[in-house]
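Asker: Need coordinates for the below:
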Amino acid sequence: MRKVRRKRSFMIKVMLIDDEPEIRKLLHKMVEKQPDYQVVAQCADFSGAVVEFTKYRPDVIFMDIDLNGESGMECAKVLTELNPKLKVIFATAHSEYMANAFEIYAFDYLVKPFNMERVVKTLNRIRGSLMGNDGAEAGLPDKLTRPEHHKDKLFIRGRDQACLLNTNEIIFVERLDGYTNIVTAGEQFKTSISLGEIEEKLGNEDFMRCHKSYIVNISHITKIEPYGRWTYVVKFKDTDATALMTAQNYEEIKKMFM
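Answerer: Sure, this is the predicted structure:
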């Protein structure tokens, strides 16, 4: 009887950015040995990385620090602006840039020559986070509560319309693909207004700039879970959408409720 191969429910797309073809070949073999992973693109320079990233929209990138004289760090910053939830794994011979890498919320930092066991462990953690299996919660109660707040209004002008939102209905705000997205329980509103401008307009202790690309309404948070080494994923009531939070802001929010 012929065995039918079960179709996988999802595939994690990976992009390799390194100016050494041998390294790309090695990483390609390492990645595709793991279940649920597929290398969808490879490139050797900054401009090629942006073009290929826009075309293939990978979930994970392996990034070298030195791209034939160009900065892999700057390239990673550009790509995370296009997708703040992108998982960046720096794979490099330069161990001295590790601290700088985690400032842009790198998921991991691998130093050449690569340890296969370490690569597998990192890919397993990414798979777990994407499948909603991040492990134990980060020690916060299931639901955070805040004092009743004023029903302030926020005026948002989009391309086709203007909206007047109650700020207490805003769950979080994210910067994504060159625009700002405001998430409420029932709708999402897109605007060209910068995240900094919205943060200033909100000007209220219920909101926290928890990440370079996110502002969250603390009263809507239900869970905060680990998401890589220095980052957390924030979950909310009334939406399946999630935000990211830095380790430093996680420590701050813990102090608020202890």
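Asker: ok, and the helix or strand in the protein with the lowest average confidence?
Answerer: In the chain, the helix or strand scored least confidently by mean pLDDT, DSSP states H and E is helix 98-103, which has a mean of 67.
Asker: Which helix or strand lies directly C-terminal to that one?
Answerer: strand 108-111 (DSSP states H and E).
Asker: Who are the packing partners of the helix or strand following that next one?
Answerer: Downstream of strand 108-111, the first helix or strand assigned by DSSP H and E is helix 116-130. In terms of contacts (3 or more CB pairs under 8 Å, 6 or more residues apart in numbering; DSSP states H and E), helix 116-130 is packed against strand 12-17, helix 21-32, strand 108-111. Yep, even glycine has a C-beta here, placed from its N, CA and C like the rest.
Asker: What pairs with the following helix or strand past helix 116-130, parallel or antiparallel?
Answerer: Note on helix 116-130: by DSSP H and E, the next helix or strand toward the C-terminus is strand 153-157. Partners of strand 153-157 in the sheet, by DSSP bridges, are strand 162-166 (antiparallel).
Asker: partners of the helix or strand encompassing residue 224, with directions?
Answerer: Secondary-structure assignment from DSSP H and E places residue 224 in strand 221-226. Using DSSP bridges, strand 221-226 pairs in its sheet with strand 231-236 (antiparallel).
Asker: and the angle from the strand it pairs with to helix 116-130?
Answerer: 10 degrees (axes from the mean of the first three to the mean of the last three CA atoms, to 10 degrees).
Asker: mind saving the C-alpha coords of strand 231-236 as CSV?
Answerer: These are the backbone C-alpha positions of strand 231-236, laid out as CSV (Å, rounded to 0.1, in the frame of the first residue of the first chain):
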residue,chain,number,x,y,z
THR,A,231,12.1,40.1,23.2
TYR,A,232,8.6,39.2,24.3
VAL,A,233,5.3,38.8,22.4
VAL,A,234,2.3,40.6,23.8
LYS,A,235,-1.2,39.1,23.5
PHE,A,236,-4.5,41.0,24.0
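Asker: contacts for it?
Answerer: Residues outside strand 231-236 that contact it (CB atoms under 8 Å, 6 or more residues apart in numbering): 105, 107, 129, 134, 138, 171-172, 210-211, 214, 216, 220-227, 242-247, 250.
Asker: Only the buried residues of whichever helix or strand comes after that strand, if you could.
Answerer: The helix or strand immediately downstream of strand 231-236 is strand 239-246, counting by DSSP H and E. Neighbour counts over strand 239-246 (16 or more other CB atoms under 10 Å) mark 242-246 as buried.
Asker: cool, and stretch 81-97?
Answerer: 83-92, 94, 97.
Asker: Could you pull up the contacting residues of the nearest residue to residue 126 once chain neighbours are set aside?
Answerer: Of all residues not flanking residue 126 in the chain, residue 87 sits nearest, at 5.5 Å (CB to CB, 6 or more residues apart in numbering). With contacts defined as CB under 8 Å, 6+ apart, residue 87 is in contact with 59-61, 107, 126, 228.
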